[in-house]
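[1] Pasting a predicted model and its sequence here:
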Amino acid sequence: MNSGSHAKIIDGKALAEELRQNVTLRAAALRARGITPGLAVILVGDNPASQVYVRNKVKACADSGIHSVLDRHPADLTEAMLLARVQELNNDPAIHGILVQLPLPSHIDAHKVIEAISPAKDVDGFHVASAGALMVGQPGFWPCTPYGCMKMLESIGYELRGKHAVVIGRSNIVGKPMALMLLQKNATVTVCHSATANLKSITLQADVIVAAVGKRNVLTADMVKPGAVVIDVGMNRDDAGKLCGDVDFAGVSQVAGYITPVPGGVGPMTITMLLVNTLDAAERT
Ligand code: NAP
């Protein structure tokens with residue numbers, strides 16, 4: 001029970017819904033101009049988790065008036081065939097965004113496939129051109145999960161300028177782009193990872209903590225400064241098989257000023273930012 005809890009919850013589900021209403025309006029405005037925004041989602045093989053993710057993305061598009069193509073391929077699809085398909089979609093004027101669901105089967109070089117996507121259609125923001133644009137502060141597609149975290153901070157009117165933000169995790173899809181986005185908003189950023197010594201001494205100095213590790217209880221109440229904002233990106237299962245994050249929610253919510261729950265936090269924001277990126281791509285055509 002959290003009866004003594006004082007952290008305010010940042011409700012990702014509610015915020016995602018609000019943002020999706022705007023996506024729906026923008027999609028309708030584009031259709032009125034004769035442009036139907038279109039997203040192609042490529043799925044190779046039958047990974048059960050990937051199938052769920054892909055289905056959710058396709059449904060989110062349908063709910064928002066975005067045309068989507070689910071491009072399913074058998075697990076033995078060759079790399080050359082996949083590259084050829086990406087090329088076809090690059091040249092298809094009805095498609096504004098292309099997403100390749102990861103992981104790909106091991107015989108396919110995922111990096112090569114992502115690099116084959118036209119940067120103008122890279123709505124996942126994983127292409128090196130997108131990563132480079134974020135790095136140098138130029139317009140480009142931001143990876144959806146850290147982008148969603150930034151929207152959550154914006155939703156509480158949080159001023160990052162001069163604050164110390166600590167990102168735990170340095171993956172190319174979450175931790176690193178997260179750190180760059182926080183830096184762009186004038187936070188002082190520390191990036192922690194598996195080789196970080198004395199994580200607690202660092203997180204205790206943080207005004208904002210983003211946990212993106214993929215391990216339960218990476219962040220506990222004794223590691224958090226009172227009043228800090230805690231964003232939990234992690235998606236794990238507890239002993240009962242229930243979805244949980246990286247943060248000990250019950251404990252940390254006694255100390256933090258704001259906290260995102262799992263489920264209902266960052267998760268719903270990720271797909272929403274994919275829709276936003278797709279709309280941005282369609283509006284640029
Ligand atoms: P990842 O590629 O596995 O990266 C995990 C990072 O955590 C690595 O940088 C790793 O350090 C670091 N790490 C591992 N153990 C650590 C420890 N004990 N202390 C500090 N850092 C540690 O994972 P990811 O793709 O970034 O995803 C992270 C989590 O977010 C996962 O649970 C994933 O499911 C979740 N996720 C959620 C969403 C969403 O929409 N909600 C989207 C994407 C990801 P090294 O670099 O040194 O190995």
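    In hand now; what should we look at? Residues are numbered from 1 along each chain as shown.
[2] Can you tell me how far Gly227 is from Gly234?
    22 Å (CB to CB, to the nearest Å). Backbone N, C-alpha and C define where each C-beta goes, glycine included.
[3] of these two, who's got more company?
    Gly234 (24 against 12; other CB atoms under 10 Å).
[4] secondary structure element for that one?
    Counting by DSSP states H and E, no helix or strand carries Gly234.
[5] got a list of what it touches?
    Going by CB atoms under 8 Å, 6 or more residues apart in numbering, Gly234 touches 211-216, 218, 244-247, 262.
[6] Just the pLDDT at it, thanks.
    Gly234 carries a pLDDT value of 98.
[7] pLDDT score assigned to the residue nearest to it when sequence neighbours are not counted?
    Closest residue to Gly234 apart from its sequence neighbours, by CB to CB, 6 or more residues apart in numbering: Asp246 at 3.1 Å. Per-residue confidence (pLDDT) for Asp246: 98.
[8] ditto for the one 10 residues further on
    Among the per-residue scores, Ala256 holds a pLDDT of 98.
[9] Can you get me a residue count around the residue nearest to it when sequence neighbours are not counted?
    Using CB to CB, 6+ apart and skipping the chain neighbours, the partner closest in space to Ala256 is Ala7 (4.2 Å). Using other CB under 10 Å, Ala7 has 22 neighbouring residues.
[10] Give me the distance from stretch 20-38 to the chain's centre.
    22 Å (CA atoms, centre = their mean, to the nearest Å).
[11] pretty sure Ile98 belongs to a strand, no?
    Yes: according to DSSP: H, G, I helix; E, B strand; the rest coil, Ile98 belongs to a strand.
[12] could you measure the residue in the stretch 1-150 of the chain positioned nearest to the ligand against Arg170, distance?
    Nearest residue of the stretch 1-150 of the chain to the ligand: Thr145, at 4.0 Å (CB to the nearest ligand atom). From Thr145 across to Arg170, the span is 14 Å (CB to CB).
[13] Surely Pro263 and Arg237 touch.
    No: Pro263 lies out of contact with Arg237 (CB atoms under 8 Å); the separation is 11.5 Å.
[14] more crowded one of those two?
    Neighbours per residue (other CB under 10 Å) separate Pro263 from Arg237, with Pro263 holding more: 14 against 10.
[15] Am I right that that one is in a strand?
    No: Pro263: not assigned to a strand; according to three-state DSSP it is coil.
[16] Just the pLDDT at it, thanks.
    So, for Pro263, pLDDT stands at 97.
[17] what's the closest residue to it other than its chain neighbours in contact with, if anything?
    Spatial nearest neighbour of Pro263, excluding adjacent residues (CB to CB, 6+ apart): Leu243 at 5.0 Å. Neighbour list for Leu243: 235-237, 262-263 [criterion: CB under 8 Å, 6+ apart].
[18] if we take those residues, which one ends up nearest to the ligand?
    Met235 (3.7 Å).
[19] between Thr145 and Arg170, which one's more packed in?
    Higher neighbour count among Thr145 and Arg170: Thr145, with 25 against 18, using other CB under 10 Å.
[20] what about the more buried one, distance to Leu25?
    24 Å.
[21] And Ala129, by the same measure?
    Counting by CB to CB, the gap from Ala129 to Leu25 is 29 Å.
[22] Which one of those two is surrounded by more residues?
    Ala129 (17 against 13).
[23] Return the backbone torsion pair for that one.
    phi -70, psi -40 (degrees, to the nearest 10).
[24] show me where pLDDT drops low in this protein?
    Where the chain drops to pLDDT under 70, the residues are 1-5.
[25] again, only this time at 50
    Applying pLDDT under 50 to the chain flags the ranges 1-3.
[26] Around the ligand, pick out the residues from this protein.
    Applying CB under 6 Å from any ligand atom, we find that the chain lies next to the ligand at 145, 168-171, 173-175, 192-196, 199, 212-215, 218, 233-236, 266-267, 270.
[27] from memory the residue nearest to Gly234 sits against Val210, does it?
    No: using CB under 8 Å, Asp246 is not in contact with Val210; the gap is 9.6 Å.
[28] Output the contacting helices and strands for the lengthiest helix in the chain.
    Scanning the chain for the helix with the most residues, using DSSP state H, yields helix 12-32. Under the contact criterion of 3 or more CB pairs under 8 Å, 6 or more residues apart in numbering; DSSP states H and E, helix 12-32 touches helix 48-64, helix 144-155, helix 266-283.
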